[in-house]
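Q: Fold the stuff below for me.
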Amino acid sequence: AADTTPAPPPVPAAVDEPAAGEPDAMMEDEAWGPSVYGAPLIPALVRGAALAALMAAAGMLLLRALADPGAGQVGCPRVGGATTRLVVAAPLLLAAHIVTWLINTSPEHTLDTAWAGAALGTTVGKVELWRTGLAALAVLAWRLARRPWLALAFAAGALAVSGAVGHSAAIQPLIAIPAKSIHLLASGVWAGGLAWLVVRPTKDNTPLFARDVRRVSLFALAAVVAVAVTGFVQTLLFLPSIGDIFTSSYGWFAIAKTVGFLVLVGFGAYHRQSVMPRIANEARDSDCATLRGSVRRARAGASRSSSA
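A: The predicted structure is shown next:
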């Protein structure tokens with residue numbers, strides 16, 4: 001996500017920067033704890049973990065909501081438990097990120113109530129509260145109301161609101177915020193789809209797995225296109241010129257993420273062209289086992305990439 005990356009180089013044109021005295025304007029002055037290229041590491045790691053959990057939860061909820069009434073995942077404790085853990089982890093990690101963000105932006109780097117009240121009253125603070133609240137509502141919708149579609153709506157809303165956090169809120173926000181929101185939502189479909197193929201129901205069988213693979217593959221293809229386009233748009237917006245991609249820490253970070261993304265895309269394309277046709281035609285257990293192992297490795301790589 002863009003708000004975990006190093007700050008891009010200054011844009012020569014006037015932009016809508018955070019007002020002086022607001023938390024975001026002071027974050028770069030003196031980071032709390034270790035930092036990488038000026039970005040505070042502890043809040044970034046917590047935020048990355050929170051977004052990874054939220055994206056995977058939203059993707060799992062999407063596939064659960066679309067599952068056939070008689071599908072093996074419906075009512076399965078294993079799938080339900082994995083979904084619950086992701087849905088619950090998201091607001092807890094987002095709340096932990098708010099705490100680390102408040103400590104990092106505080107002049108004394110302490111959790112001060114007066115500072116917390118002022119910081120949470122800013123635009124940035126309100127967005128943080130909104131996305132954490134929406135993620136918490138997803139827990140209630142999933143665990144108490146037992147409504148996958150309602151839980152999905154809240155989780156997707158939390159991801160969409162996350163588009164207004166970070167560089168996108170300061171640099172051409174009319175374009176950057178929607179681009180980042182779509183980027184996160186598409187990443188959620190991708191990450192959740194991989195999780196759906198990894199966490200299998202107790203009564204799993206080869207035909208069910210083959211159907212899930214076909215459905216997830218279609219979603220993943222659309223998600224990959226959306227992630228690529230919106231990632232490219234954000235990079236162009238955040239860099240003063242295309243040449244800065246090789247001369248700034250933000251540019252090199254974008255290159256590293258692009259390389260990881262292309263590796264994952266190549267990984268998926270190989271299995272889509274070689275393994276999936278065999279599963280669709282014969283649905284052999286050996287091919288399904290091969291794809292399951294590959295998906296586990298891809299999911300681990302996607303989690304690291306999406307949370308970076």
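Q: can you pull out the helices in the chain?
A: Here the chain has its helices, by DSSP state H, at 23-26, 41-66, 77-105, 113-120, 123-143, 148-161, 173-198, 206-238, 249-281, 285-307.
Q: Would you convert those into CSV that also reports distance to Trp32 and mean neighbour count?
A: Quick note: C-beta positions are derived from backbone N, CA and C, even for glycine. What follows is those, written out as CSV (distance: least, C-beta to C-beta, whole Å; neighbours: other C-beta atoms under 10 Å):
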stretch, distance to Trp32, mean neighbour count
helix 23-26, 11, 19
helix 41-66, 7, 24
helix 77-105, 4, 20
helix 113-120, 13, 14
helix 123-143, 16, 20
helix 148-161, 24, 22
helix 173-198, 25, 23
helix 206-238, 24, 18
helix 249-281, 20, 15
helix 285-307, 20, 17
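Q: Ok, which of the ones you listed comes nearest Pro34?
A: helix 41-66 (4.5 Å; C-beta to C-beta).
Q: could you check the angle helix 123-143 makes with the closest one?
A: 40 degrees (axes from the mean of the first three to the mean of the last three C-alpha atoms, to 10 degrees).
Q: Summarise which helices and strands helix 41-66 is packed against.
A: On a contact count with 3 or more C-beta pairs under 8 Å, 6 or more residues apart in numbering; DSSP states H and E, helix 41-66 meets helix 77-105, helix 123-143, helix 148-161, helix 173-198, helix 206-238, helix 285-307.
Q: and those helices as a markdown table, adding mean pLDDT and distance to Ala58?
A: Compiled in a markdown table, those are given as follows (pLDDT from 0 to 100; distance: least, C-beta to C-beta, whole Å):
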| stretch | mean pLDDT | distance to Ala58 |
| --- | --- | --- |
| helix 77-105 | 95 | 9 |
| helix 123-143 | 96 | 8 |
| helix 148-161 | 97 | 4 |
| helix 173-198 | 93 | 4 |
| helix 206-238 | 88 | 12 |
| helix 285-307 | 57 | 12 |
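Q: Adding distance to Val46, write the ones you listed out as JSON lines.
A: Formatted as JSON lines, the helices and strands packed on helix 41-66 follow (distance: least, C-beta to C-beta, whole Å):
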{"stretch": "helix 77-105", "distance to Val46": "4"}
{"stretch": "helix 123-143", "distance to Val46": "12"}
{"stretch": "helix 148-161", "distance to Val46": "15"}
{"stretch": "helix 173-198", "distance to Val46": "17"}
{"stretch": "helix 206-238", "distance to Val46": "22"}
{"stretch": "helix 285-307", "distance to Val46": "10"}
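Q: nearest to Leu63, of the ones you listed?
A: Nearest of the helices and strands packed on helix 41-66 to Leu63, taken as C-beta to C-beta: helix 173-198 at 4.6 Å.
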